[in-house]
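S.K.: predicted model, plus sequence, below.
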Number of protein chains: 2
Amino acid sequence: MDVQSCFPVWDQLTEDQRARILDHAASRSVKKGTVLHSGGDCTGLLAVRSGQLRAYMLSEEGREITLYRLFERDLCLFSASCMMQSIQFDITIQAEKDTELWVIPAEIYRQIMEESAPLSNYTNEIMAGRFSEVMWLMEQIMWKSMDRRIAAFLLEETAIEGVRSLHLTHETIANHLGTHREVVTRMLRYFQNEGMVRLSRGAVEVLDEERLKSLRDG
Amino acid sequence: MDVQSCFPVWDQLTEDQRARILDHAASRSVKKGTVLHSGGDCTGLLAVRSGQLRAYMLSEEGREITLYRLFERDLCLFSASCMMQSIQFDITIQAEKDTELWVIPAEIYRQIMEESAPLSNYTNEIMAGRFSEVMWLMEQIMWKSMDRRIAAFLLEETAIEGVRSLHLTHETIANHLGTHREVVTRMLRYFQNEGMVRLSRGAVEVLDEERLKSLRDG
């Protein structure tokens, strides 16, 4: 997979614009767990070649909440926040699996975006997509109870991983959902008593997907 | 004030693009309290001429939380969500004061944005600005206690209104912050006991701005 696969508007860029992206995109390979971007740094645009990234918000006290995930072909704009004045927030990006990616300097991307309506409009669509994910999350936090959020999270993870047995500690789940470990442990034990999951050391196995779905959909 | 004042990139549009905006922008005048946009409608872009709009999220049960405000010269994109595929969320827009505005059809705006890199980049900046406000709100909800959020809200309102005595019911404050009236009432009584505010029927007067600020900044 090459860098142009991350740009559905590649055909609408000029020869010169394509050359600038190709010349400046640096290939990078990182291990699971690597923090690729944090705080106000301007790391550059990240284009995912393979693997999986997690974007999360970090509180002053070190608490976390997952905002969204990035998969193959996804572009991460907010690791290049210096390319737009109005991006006034900080997120952290971490590799959730071993990941290969390209890093495109923010300044190069900004210049091409200023010239190219197709690239700018594509960037608008990406941002609107992330905005939609954050608004969904806000709805969950505001109006949904934690049992429904944990059910939704377990179902999403089994869909992403393609397995029913998830290697996740209660601490990790708490960090995804922005809550405390104790809350997750209590809820998972309840799920286990109800026969929806089976718990073992560092793992959660989904036993009854249908019941988790009806819990999630309330 | 005319419609071009809402477009800092007006000079970078072609004659034809400007004419299309001017020809299709419909002037509208609404009373305080009018709901201008709700749910999945595609009302069109709203450009504020004078007055004040509030964008909020509404739960199935009718609970509210204020996302951001729009003032003179602000453009509201999300009332024209059909102009971008990736906008997958619904908000409600209500006039918070008597408001004059222009409504620009989503399709006209989308067409010009597709042709014009300057307009598309300006749209990107607007969206990034709203995104930043929602991320700030998410941080507040996740990590800040309700006393700090109410203090921040009262300070913001006095700044917007330019007065220390705010005509707000506890119910209204609860709807801005996405909480219950009882929670607001309890906290405001505590603020009153501490000499930070004075409560009367349908109004909250800020007495000690400095103490509210130090509470907010924690």
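M.R.: Now that the structure is in, tell me what you want to look at. Numbering: from 1, shown residues only, chains lettered A, B, ... in the order given.

S.K.: residue A:46 touches residue A:105, doesn't it?
M.R.: No - using CB atoms under 8 Å, residue A:46 is not in contact with residue A:105, being 11.5 Å away. Yep, even glycine has a C-beta here, placed from its N, CA and C like the rest.

S.K.: neighbour count for these two, which is higher?
M.R.: residue A:46 (26 against 19; other CB atoms under 10 Å in any protein chain shown).

S.K.: so the more buried one: helix, strand or coil?
M.R.: Put simply, residue A:46 is strand when judged by DSSP: H, G, I helix; E, B strand; the rest coil.

S.K.: same check, this time on residue A:39
M.R.: Once three-state DSSP is applied, residue A:39 turns out coil.

S.K.: got the contact list for it?
M.R.: Contacts were defined as CB atoms under 8 Å, 6 or more residues apart in numbering or on different chains; by that measure residue A:39 touches A:90, A:92.

S.K.: distance of it from residue A:45?
M.R.: When CB to CB, to the nearest Å is applied, the distance between residue A:39 and residue A:45 equals 17 Å.

S.K.: find the residue at the geometric middle of chain A.
M.R.: Note on chain A: the residue nearest the mean C-alpha position is residue A:69, at 1.7 Å, using CA atoms, centre = their mean.

S.K.: my read: it touches residue A:51, true?
M.R.: No - in this structure, residue A:69 is not within contact of residue A:51 by CB under 8 Å, at 10.8 Å.

S.K.: could you tell me which residues of chain A lie near chain B?
M.R.: Residues of chain A that fall close to chain B, judged by CB under 8 Å from any CB of the partner chain: A:57, A:59-61, A:63, A:65, A:84-89, A:113-117, A:120-121, A:123-132, A:134-139, A:141-143, A:178.

S.K.: any chance you could map the strands in chain A?
M.R.: Using DSSP state E, the strands found in chain A span residues A:26-30, A:35-37, A:45-50, A:53-58, A:64-70, A:75-76, A:92-95, A:99-104, A:165-166, A:197-200, A:203-206.

S.K.: residue A:181 against residue A:174, yeah?
M.R.: Yes - with contact defined as CB under 8 Å, residue A:181 counts as touching residue A:174 (4.6 Å).

S.K.: of these two, give the one with the bigger neighbour count.
M.R.: Each of residue A:181 and residue A:174 had its neighbours counted (other CB under 10 Å), and the higher figure belongs to residue A:174 (20 against 14).

S.K.: my guess is that one contacts residue A:184. True?
M.R.: Yes - in this structure, residue A:174 is within contact of residue A:184 by CB under 8 Å, at 4.7 Å.

S.K.: show me which positions of the biggest helix by length in chain A end up buried.
M.R.: Using DSSP state H to assign secondary structure, the helix with the most residues in chain A is helix A:117-143. By neighbour count on 16 or more other CB atoms under 10 Å in any protein chain shown, the buried set for helix A:117-143 is A:117-124, A:126-135, A:137-143.

S.K.: again with stretch A:150-163
M.R.: Buried residues in stretch A:150-163, defined by neighbour count with 16+ other CB under 10 Å: A:150-155, A:157-158.

S.K.: ok, now stretch A:102-118?
M.R.: Of the residues in stretch A:102-118, A:102-106, A:108-110, A:112-113, A:116-118 count as buried by neighbour count, 16+ other CB under 10 Å.

S.K.: now do stretch A:175-195
M.R.: Applying a neighbour-count criterion of 16+ other CB under 10 Å, one finds A:175-179, A:184-185, A:187-188, A:191 buried in stretch A:175-195.

S.K.: and the contacts of that stretch?
M.R.: Here stretch A:175-195 makes contact (CB under 8 Å, 6+ apart) with A:56-57, A:63-66, A:141, A:146-147, A:149-151, A:153, A:170-171, A:173-174, A:197-199, A:204, A:207-208, A:211-212, B:142.

S.K.: just for chain A, where's the confidence low?
M.R.: Screening chain A residue by residue with the criterion pLDDT under 70, one finds no matching range.

S.K.: and for the nearest residue to residue A:143 once chain neighbours are set aside, the neighbour number?
M.R.: If you skip the residues right next to it in sequence, residue A:143 has residue B:59 as its closest partner in space, 4.3 Å away by CB to CB, 6 or more residues apart in numbering or on different chains. Counted by other CB under 10 Å, the residues lying close to residue B:59 total 13.

S.K.: and residue B:59, how far is that from residue A:162?
M.R.: Spatial separation of residue B:59 from residue A:162 under the definition CB to CB is 33 Å.

S.K.: same check, this time on residue A:22
M.R.: If you go by CB to CB, the gap between residue A:22 and residue A:162 works out to 33 Å.

S.K.: and residue A:107, by the same measure?
M.R.: Taken as CB to CB, the spacing of residue A:107 relative to residue A:162 amounts to 39 Å.
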